[in-house]
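> Coordinates for the following, if possible.
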Amino acid sequence: MTSHRILYHHRTRGHGAEGVHIRGLVRAFRELGHEVEVVCPPGVERAAAADGAPPPARRGAGSAWSGFSRLAPQLLFELLELTYNGWSRIKLAGAIRRFRPELIYDRYALFHAAPARLAARHRIPLVSEINDATFIERSRGLVLRGLARRIERRVLDRSALIVTVSNRFRDMLTAAHGTAASRVVVTPNAVDPGRFDARDAPELRARLGLEGRRVIGAVGAFVPWHGLDYLVDSVQGLLAARGDAQVLLVGDGPVRAAVERQVQRLGLDGRVRFTGFVPPEDVPRYLACMDVCLMPDSNEHGSPIKIFEYMAMGKAVVAPRYAPIEEVLEDGRTGLLFPPRDPDGLRRAIERLLDDATLRARLGDAARARVLATHTWRINAEAVLAALSRS
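Sure, this is the predicted structure:
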């Protein structure tokens with residue numbers, strides 16, 4: 001394979017799932033022999049540093065921006081997103097002069113057109129990875145929707161290749177903007193095999209008070225569409241009937257306080273354990289403590305990274321039957337699927353796995369084999385470059 005110089009840009013803070021995605025893909029490009037330079041916002045640690053380490057938690061411009069994004073009136077926030085184009089244009093132009101990239105890879109953000117404009121000006125192929133868009137349900141509303149939509153379409157039109165995480169997302173994109181499906185490559189999220197080790201973590205189990213327990217767990221952001229509220233409702237009776245069962249919720253986010261109040265209201269304080277935020281590099285140790293791994297809910301277009309991480313750890317997975325999830329998990333073979341937003345279906349799947357250790361092991365082994373064979377960041381990087389060569 002010919003080596004390329006790739007200029008990678010992201011406007012995110014590079015934390016959580018987005019940071020895992022950024023680091024995984026950049027590391028994969030480098031492992032394939034390509035040179036990669038990363039441009040990201042001021043004050044944000046480079047999520048895709050050369051050593052692949054996640055950014056350390058620290059206060060500064062990045063954390064200030066995070067606080068501002070939560071508290072600012074939406075119109076002001078969108079105007080500031082527009083002004084980011086000026087800063088990024090300067091930084092990207094400088095990187096183009098110095099690094100002389102043969103490819104620009106942009107993790108697209110709303111209102112951000114600078115990579116597309118510079119790619120067109122310098123006649124450099126642009127790959128736009130679309131994870132957020134005007135046509136999907138978002139945690140924040142949009143005031144300047146019309147302007148955002150026009151910018152988004154212009155970016156798509158100028159892209160040599162567009163990357164999405166699911167066929168459903170691709171179909172939504174083509175319906176919204178008339179983009180030819182042939183210009184879109186679908187690469188579901190993935191894992192870095194080197195990060196995951198299926199061995200148990202007895203010292204962590206002991207510290208969390210999980211010894212002798214059957215642990216039902218979930219990791220990730222505490223956001224409304226992950227269904228943690230009805231997860232708690234659905235396991236209430238199960239926990240009452242099974243003294244050895246324990247729920248472990250790993251992560252943090254905007255609905256955590258509400259879920260904690262729900263747990264207290266139902267009298268489940270001692271049976272549902274919250275860990276708070278856990279750095280990505282520590283997540284495998286927490287997964288090792290779990291017997292059943294859950295994705296209580298998702299959305300119709302997303303590709304939850306947690307599912308791939310559960311699979312890589314050889315865990316039995318329970319997830320809702322959304323189309324993007326069915327592209328990855330096969331019901332009864334690599335996991336158990338239940339009807340979306342059906343607490344009873346979720347509970348029945350959990351009970352089935354708790355009652356059958358052989359089924360847990362069989363599903364976990366098959367899931368690990370599947371994800372390592374088809375869903376690694378290196379495979380995704382190869383797929384993007386192969387699709388670009390055909391475009």
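> helix/strand/coil for the residue nearest to residue 232 when sequence neighbours are not counted?
Spatial nearest neighbour of residue 232, chain neighbours left out: residue 262 (5.3 Å); criterion: CB to CB, 6 or more residues apart in numbering. All C-beta atoms are positioned from the backbone trio N, CA, C, and that covers glycine. Put simply, residue 262 is helix when judged by DSSP: H, G, I helix; E, B strand; the rest coil.
> helix/strand/coil for the nearest residue to residue 144 once chain neighbours are set aside?
Distances taken as CB to CB, 6+ apart place residue 78 nearest to residue 144, at 5.0 Å, with adjacent residues excluded. Secondary structure, three-state DSSP: residue 78 is helix.
> can you tell me which residues contact residue 78?
110, 111, 142, 143, 144, 148 (CB atoms under 8 Å, 6 or more residues apart in numbering).
> now these: which count as buried?
The neighbour-count criterion (16 or more other CB atoms under 10 Å) marks 110, 111, 142, 144, 148 among those as buried.
> hmm, what's the outermost residue in the protein?
Most distant residue from the mean C-alpha position of the chain: residue 241, 34.1 Å away (CA atoms, centre = their mean).
> how deep is residue 329 tucked in, by neighbour count?
Look at residue 329: counted by other CB atoms under 10 Å, it has 26 neighbours.
> Wait, a helix at it?
No: with three-state DSSP as the criterion, residue 329 is assigned coil and is not in a helix.
> How much space separates the residue nearest to residue 144 from residue 148?
Using CB to CB, to the nearest Å, residue 78 is found at 8 Å from residue 148.
> next one: residue 272
With CB to CB as the criterion, residue 272 and residue 148 are 39 Å apart.
> so residue 273, which of the three states?
Classification of residue 273 using three-state DSSP returns strand.
> contacting residues for the residue lying closest to residue 176 once chain neighbours are set aside?
Closest residue to residue 176 apart from its sequence neighbours, by CB to CB, 6+ apart: residue 135 at 3.9 Å. By CB under 8 Å, 6+ apart, residue 135 lies in contact with 172, 173, 175, 176, 177.
> Go through these and say which is closest to residue 286.
residue 172 (32.9 Å; CB to CB).
> following whichever strand or helix holds that closest one, which helix or strand comes up?
Assigned by DSSP states H and E, residue 172 falls within helix 167-177. Counting by DSSP H and E, the element after helix 167-177 in chain order, helix or strand, is strand 184-186.
> Can I take it that residue 268 is in a helix?
No: counting by three-state DSSP, residue 268 is located in no helix; its state is coil.
> And it, how far from residue 223?
In terms of CB to CB, residue 268 sits 21 Å off from residue 223.
> related to what we said a few turns ago, give me the common contacts of residue 78 and residue 148.
110, 111, 142.
> Might one say that the second one is in contact with residue 151?
Put plainly, it is residue 111. Yes: counting by CB atoms under 8 Å, residue 111 sits close enough to residue 151 to count as a contact (5.8 Å).
> For the protein, which element, helix or strand, carries the lowest mean pLDDT?
For the chain, scoring each helix and strand by mean pLDDT, DSSP states H and E identifies helix 61-71 as the least confident one, at a mean of 51.
> Since that was my last question, I'll sign off now.
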